[in-house]
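*Asks:* For reference, the sequence and a predicted model appear below.
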Amino acid sequence: MELKWDGTERMTVDYVKGILQPTPTCDSWDQIWDFQARPDDLLICTYPKAGTTWTQEIVDLIQNEGDVDRTHRAPTHVRFPFIEWIIQSIGSGLEHANAMPSPRTLKTHLPFQLLPPSFLEKNCKIIYMARNPKDNLVSYYHFHRMNKALPAPGTWEEYFESFLTGKVCWGSWHDHVKGWWEARDQHRILYLFYEDMKMNPKHEIRKLGEFIGKKLDDSVLDKIVHHTSFDVMKQNPMANYSTVPAKVMDHSVSPFMRKGEVGDWKNHFTVAQNERFDEDYQRRMAGTGLTFRFQF
């Protein structure tokens, strides 16, 4: 398809089966839905700003047994095709994925019900990373501010409402984490938590390695922990999205890798917002068995 969006204006959005998406994704939806997974594909899935790039970097280092030079071969978005993402200056994740030799590691933000069926038909391994919704909201708000490939977020107060009602790209956080949680026992899905990875990275990376099929010794695990720490990744041009054109992502507005903390929501939420969020969260997450940590 012809990619008309050039970054001079904000990306427009539309709906795919009730889920808000950038317009180029909507326009290419039939091809995305028909995407043909391969049995040895590994898919990394997250709600936006839930530790996606972090997970990708960890997985790449696991697959390359801690060889940092190998992971510096290309920027994140080149190493991991983002299957539903189409941007003129970056290209089509779908085309990139189709051209990539196996074994492929791919990325998506799609909720479970919009996942192209071939991933499940081929019994692909899927890694899902979930982050507590308050920090996720804050991170997504700042990402909207700096990323013209998403709609303008409006004020903090306006964005808070949009997030709470699920009127943001890739839909409701609550529905997203619940949908993948409910699917985890029927499919080859490893469900991880951002806060666990922050608290005990070595333990979680070992778990990831076992899922992928790589048994790593302690020295390699320690090396991966170091190279995927926030401060190291923030300085890594192959992981910090600094290679993306400034007309798409303006790091002077807010860096792509901003804080990576647990509990930063306290610097943004008012008391009234927090009470309202908690009440909504309790109602919508009741009976799921899903628990999140909002601070350490």
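*Replies:* On my side now, so go ahead. All values derive from a computational prediction rather than experimental measurement.
*Asks:* Does residue 292 belong to a helix, a strand or coil?
*Replies:* Put simply, residue 292 is coil when judged by DSSP: H, G, I helix; E, B strand; the rest coil.
*Asks:* quick one: the closest residue to it other than its chain neighbours and residue 49, what's the gap?
*Replies:* The shortest distance from residue 292 to any residue other than its chain neighbours is 4.0 Å, reached at residue 132 (Cβ to Cβ, 6 or more residues apart in numbering). Quick note: C-beta positions are derived from backbone N, CA and C, even for glycine. With distances taken as Cβ to Cβ, to the nearest Å, residue 132 is found 12 Å from residue 49.
*Asks:* what does residue 268 give?
*Replies:* Applying Cβ to Cβ to residue 268 and residue 49 gives a distance of 14 Å.
*Asks:* which of those two has more neighbours?
*Replies:* residue 49 (23 against 17; other Cβ atoms under 10 Å).
*Asks:* Surely that one is in contact with residue 143?
*Replies:* Yes - at 5.3 Å, residue 49 counts as touching residue 143 under the criterion of Cβ atoms under 8 Å.
*Asks:* Endpoint to endpoint, stretch 289-296 covers what distance?
*Replies:* Length of stretch 289-296, first residue to last, Cα to Cα, to the nearest Å: 20 Å.
*Asks:* Any buried residues in it, and which?
*Replies:* Neighbour-count burial for stretch 289-296, counted by 16 or more other Cβ atoms under 10 Å, picks out 292, 294.
*Asks:* what pLDDT, on average, does it get?
*Replies:* What stretch 289-296 shows for mean pLDDT is 91.
*Asks:* Same question for stretch 50-68.
*Replies:* Here the average pLDDT along stretch 50-68 is 90.
*Asks:* Tally up the residues packed near the residue nearest to residue 292, please.
*Replies:* 22.
*Asks:* And for residue 177?
*Replies:* Residue 177: 27 surrounding residues under other Cβ under 10 Å.
*Asks:* Give me the next element, helix or strand, following the helix or strand hosting it.
*Replies:* Per DSSP states H and E, residue 177 falls inside helix 173-183. Remark: after helix 173-183, the chain's next helix or strand is strand 189-193, criterion DSSP H and E.
*Asks:* for that following strand, the distance to its chain's centre please.
*Replies:* Averaging C-alpha coordinates over strand 189-193 and over its chain gives two centres that are 13 Å apart (Cα atoms, centre = their mean, to the nearest Å).
*Asks:* Could you do stretch 135-147 as well?
*Replies:* That offset, for stretch 135-147, works out to 12 Å (Cα atoms, centre = their mean).
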